[in-house]
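Visitor: Turn this into a structure:
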Amino acid sequence: MQISVRFFTSLREITCKREETLQFPNDETVTVENVLKKLARQYGRSFVEYVYESKTHEVKSFLQFLVNGRSATTLEGLKTRLADGDILAIIPPVGGG
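Guide: This is a model prediction of the structure:
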């Protein structure tokens, strides 16, 4: 199974990529949470510090996750299941004035 992950702003700098395709075994249940854990192992401390709260190890609340353009919060949040070919976008906070 292949999942594409799109990175923006700080995560783009941390990963040095705009997009990455991750491979998972076909029989594995893949969720947004699983993808983040795999990326954390792959990119290490900088990724972990950006995505996770240091004390609680929870995903930082300012991050948004889009699965094929739909907010994961309107689906099942971090437990949202992904299918082969899905695109997960990790969206940082957007500021402006």
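
Visitor: Touching, Val5 and Glu19? I think so.
Guide: Yes - look at Val5 against Glu19 with Cβ atoms under 8 Å: they come within range, at 6.7 Å. Placement of C-beta: from N, CA and C, glycine included.

Visitor: neighbour count winner among those two?
Guide: Taking neighbours as other Cβ atoms under 10 Å, Val5 and Glu19 compare with Val5 leading, 23 against 12.

Visitor: Tell me what the more buried one is bridged to.
Guide: Glu20, Leu88 (DSSP bridges).

Visitor: where's it relative to Thr80, distance?
Guide: With distances taken as Cβ to Cβ, to the nearest Å, Val5 is found 14 Å from Thr80.

Visitor: any idea where the helices of the chain begin and end?
Guide: With helices called from DSSP state H, the chain shows them at 9-15, 32-43, 45-51.

Visitor: quick one: least confident helix or strand in the chain?
Guide: Least confident helix or strand of the chain, by mean pLDDT, DSSP states H and E, is helix 9-15 with a mean of 94.

Visitor: State the distance from Glu19 to Gln2.
Guide: 12 Å.

Visitor: now the helices of the chain as TSV including mean neighbour count and distance to Leu63?
Guide: Shown next, in TSV, are the helices of the chain (neighbours: other Cβ atoms under 10 Å; distance: least, Cβ to Cβ, whole Å):
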stretch	mean neighbour count	distance to Leu63
helix 9-15	16	9
helix 32-43	17	9
helix 45-51	16	7
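
Visitor: I'm done for today, thanks for sticking with me.
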